[in-house]
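# Predicted coordinates and the sequence they were generated for:
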Amino acid sequence: MNHALLFSVFVVASCGLAYELIAGALASYLLGDSVTQFSTVIGSYLFAMGVGSWLSRYVERRLVARFIQVELMVGVFGGFSAAGLFFVFAWSSAPFKLALYLAVVGIGVLVGLEIPLIMRILERDLAFKDLVSQVLTFDYLGALAVSILFPVVLVPHLGLMRSALLFGLLNVAVALWACWLFREQLRNVGWLGVQGGASMLVLLAAFAAAGELTSLAEAHLYADDIVHAESTPYQRIVVTRWKDDLRLHLNNNLQFSSRDEYRYHEALVHPGLSTLPAARRVLVLGGGDGLAVREILKYQQIESVTLVDLDPAMTRLFASAPPLRKLNEDALRSSKVSVVNADALQWLEDNDDLFDFVVVDFPDPSNFAIGKLYSASFYRLLEKHLTANALAVIQSTSPLYARQSFWCVVTTLESVGLLVTPYHALVPSFGEWGFVLAGRHAYRPPQAYAVATRFLTADTTPALFLFPKDMARVETEVNRLNSQVLVRYFEQEWRQVIR
């Protein structure tokens, strides 16, 4: 019996950490700024566990029955936590934070009750030193197991909602197992068994219908029909359609609309590449949708394009789904294109190749994982991969809505010795959007475009480099790897826009 209870410690420890990770990941997906979300969620959760441990002192009788009831409550509340929070956010994002921390604290208190109760049940048969060492050993082993499985198996294959339900089922299974182990000691074992069976059936039904539940929640979250949705170890990918408009959302943030993405990608690529007739080798960092690559391949002199994108699910989707292949004109299947799925910073460190033109097309710096790719350290590394006359272009968020953020990118590029030329373009889906050209020589806008464009003309290009008063330069700090001031700028500015 003792061995069975110690194994239960392993299971409940796994479940306890899983709910914590799920809450942090969900908050990061929906709110951004992963460091802040994980820090506050973990802190609140640990505090609540401490409260639960303290409250356990008031449980004096019928310890086994109370442990079983706690397991059932953790299983149900924890199992449905991701689904509930997702629906709250889809209904209205305003009360989401309140619901998030109420859920975190509530589950944390219940989880905090578990281990003290198990220890008090086991103390009848184990010496104190053996009790503490064995319980804590299995506790930590359970935490290790789920911390490895969570990013590698659970999130990419089950998703957050189904993962939470799975661990809810495990908590209920522990409760039912305890009912059986202590069946001769429990006065109300039948009633506890009924509660456990009902909880198990409800969670199993929800687990089986998790795909439909996710679709239902996302149907309220996105105004258009969802044609593709998947969770990867890196992000939540959702593609929507309304009539002829395809839209890509990453972690609930719009990345492009097929109705006007050509404006963004023409502005990103052509002002720089059209001034480099000798360019042969091009590097694209980010841009796993292949739309920037589509524009690059319009230049016949280009011999090779290396695309480095972190998420293989992105490049696989845009190389296989017919509507998306049509949108990028099968750019990712071109014999000139090599796709590498790797962290861009690590790839630059490990690779010695030089390029004539570099496109840096990362998502906005909404969290520290992405913010490092806008840092002085990153740009210093990027500069080493430029040929003598090369140019790099960096998407740099909006100079109108995120003015400090935009000019912070400019300041950071200048800090590593590059000559920079900022510019902007109107993309209706996003508003005014900013870009920065950087190289070792002064930039001159093209006198003409040798490739077909829908948006850019030689006559209108000079206006892209003029900034009106409300987008004019402001003083900012350099975005360094150890401080990442850009993430703070970005969060503050976009919070004001959303309000």
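Cool, the structure landed. Numbering: from 1, shown residues only.
# Skip ahead from whatever helix or strand residue 349 lives in and say which helix or strand is next.
Using DSSP states H and E, residue 349 maps to helix 344-350. Under the assignment DSSP H and E, the closest C-terminal helix or strand after helix 344-350 is strand 355-361.
# Please point out which parts of the helix holding residue 349 sit buried.
Within helix 344-350, the residues scored as buried using 16 or more other CB atoms under 10 Å are 344, 345, 347, 348. Every residue, glycine included, has its C-beta placed from N, CA and C.
# of all the residues you listed, which two lie farthest apart?
345 and 347 (7.3 Å; CB to CB).
# burial measure for residue 371, as a count.
The local packing of residue 371 (other CB atoms under 10 Å) involves 25 other residues.
# pLDDT at it, what is it?
Residue 371 carries a pLDDT value of 90.
# what does residue 128 give?
With respect to pLDDT, residue 128 has a value of 57.
# The chain should start at 20 in everything you say after this.
Sure thing, new numbering starts at 20, so read that last one as residue 147.
# With only the CA atoms kept, save the helix or strand where residue 70 lies in PDB.
Using DSSP H and E, residue 70 maps to helix 53-74. Extracted as PDB, the C-alpha positions of helix 53-74 are listed here (Å, rounded to 0.1, in the frame of the first residue of the first chain):
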ATOM      1  CA  SER A  53       6.000  35.000 -21.700                       C
ATOM      2  CA  VAL A  54       8.400  36.000 -19.000                       C
ATOM      3  CA  THR A  55       5.900  38.200 -17.200                       C
ATOM      4  CA  GLN A  56       3.100  35.600 -17.600                       C
ATOM      5  CA  PHE A  57       5.100  32.600 -16.400                       C
ATOM      6  CA  SER A  58       6.700  34.600 -13.600                       C
ATOM      7  CA  THR A  59       3.400  35.900 -12.200                       C
ATOM      8  CA  VAL A  60       1.500  32.600 -12.700                       C
ATOM      9  CA  ILE A  61       4.300  30.500 -11.100                       C
ATOM     10  CA  GLY A  62       4.600  33.000  -8.200                       C
ATOM     11  CA  SER A  63       0.800  33.000  -7.600                       C
ATOM     12  CA  TYR A  64       0.600  29.200  -7.900                       C
ATOM     13  CA  LEU A  65       3.500  28.600  -5.400                       C
ATOM     14  CA  PHE A  66       1.900  31.100  -3.000                       C
ATOM     15  CA  ALA A  67      -1.400  29.300  -3.300                       C
ATOM     16  CA  MET A  68       0.200  25.900  -2.700                       C
ATOM     17  CA  GLY A  69       1.700  27.400   0.500                       C
ATOM     18  CA  VAL A  70      -1.700  28.400   1.600                       C
ATOM     19  CA  GLY A  71      -3.100  25.000   0.800                       C
ATOM     20  CA  SER A  72      -0.300  23.400   2.800                       C
ATOM     21  CA  TRP A  73      -1.000  25.700   5.800                       C
ATOM     22  CA  LEU A  74      -4.800  24.900   5.600                       C
END
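# List the buried residues of that helix.
53, 55-57, 59-61, 63-64, 67-68, 71-72.
# got the angle between the longest helix along the chain and helix 53-74?
The longest helix of the chain (DSSP state H) is helix 21-50. Computed by axes from the mean of the first three to the mean of the last three CA atoms, to 10 degrees, the angle separating helix 21-50 from helix 53-74 equals 140 degrees.
# Export the buried residues of helix 53-74 to TSV and append columns for distance to residue 94 and pLDDT.
Output for these, formatted as TSV (distance: CB to CB, whole Å; pLDDT from 0 to 100):
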residue	distance to residue 94	pLDDT
53	27	66
55	29	75
56	24	79
57	24	81
59	25	88
60	20	89
61	21	89
63	21	92
64	17	90
67	17	93
68	17	89
71	15	92
72	19	91
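# and of those residues, the nearest to residue 316?
Within these, proximity to residue 316 (CB to CB) peaks at residue 53, which comes in at 34.1 Å.
# Please, where are all the strands along the chain?
Counting by DSSP state E, the chain has strands at residues 244-250, 255-261, 264-269, 272-276, 300-305, 323-327, 356-359, 374-380, 405-414, 438-446, 450-458.
# Relative to the whole chain's centre, how far out is the last one?
It refers to strand 450-458. 24 Å (CA atoms, centre = their mean, to the nearest Å).
# So for that strand, what gets flagged as buried?
Buried, per 16+ other CB under 10 Å, within strand 450-458: 451, 452, 453, 454, 455, 456, 457, 458.
# My guess is the first one contacts residue 421. True?
No: Residue 451 sits out of contact with residue 421 when judged by CB atoms under 8 Å, with a separation of 10.1 Å.
# mind listing what residue 179 touches?
41, 44, 45, 48, 101, 105, 250 (CB atoms under 8 Å, 6 or more residues apart in numbering).
# Could you rerun that using 6 Å?
41, 45, 101 (CB atoms under 6 Å, 6 or more residues apart in numbering).
# any idea which of those residues is least confident?
residue 45 (82).
# need the contact list for that one.
Counting by CB under 6 Å, 6+ apart, the residues that residue 45 touches are 101, 104, 179.
# Kindly recompute the last result at 10 Å.
56, 60, 100-101, 104-105, 108, 115, 119, 122, 179-180, 183, 255 (CB atoms under 10 Å, 6 or more residues apart in numbering).
# Among those, which one has the most neighbours?
Busiest of the contacts of residue 45 [other CB under 10 Å] is residue 183, holding 33 neighbours.
# So for it, what's the nearest residue that isn't a sequence neighbour?
residue 101 (3.9 Å; CB to CB, 6 or more residues apart in numbering).
# ok, back up a step: quick one, which of the strands of the chain is nearest to residue 345?
strand 264-269 (9.4 Å).
# Isn't residue 59 up against residue 43?
Yes: assessed by CB atoms under 10 Å, residue 59 is found in contact with residue 43 at 8.7 Å.
# which residues do these two both contact?
119, 123.
# shaky segments in the stretch 320-469 of the chain?
Along the stretch 320-469 of the chain, no part satisfies pLDDT under 70.
# Please name the residues that touch the closest residue to residue 232 other than its chain neighbours.
Residue nearest to residue 232 in three dimensions, not counting chain neighbours: residue 102, with 5.6 Å by CB to CB, 6+ apart. Residues in contact with residue 102, defined by CB under 10 Å, 6+ apart, are 179, 180, 181, 183, 184, 225, 228, 229, 232, 233, 235, 236.
# OK, contacts around the most centrally placed residue in the chain?
For the chain, the residue nearest the mean C-alpha position is residue 254 (4.0 Å; CA atoms, centre = their mean). Residue 254 is in contact with 47, 48, 268, 269, 270, 271, 272, 329, 330, 332, 333, 382, counting by CB under 10 Å, 6+ apart.
# pLDDT value on the first one, please?
On the pLDDT scale, residue 47 is placed at 77.
# what sits against it?
Applying CB under 10 Å, 6+ apart, the residues near residue 47 are 53, 54, 55, 56, 57, 60, 254, 270, 385, 386, 388.
# And for the closest residue to residue 265 other than its chain neighbours, the neighbour number?
The shortest distance from residue 265 to any residue other than its chain neighbours is 4.2 Å, reached at residue 277 (CB to CB, 6+ apart). Residue 277 sits with 18 neighbouring residues when counted by other CB under 10 Å.
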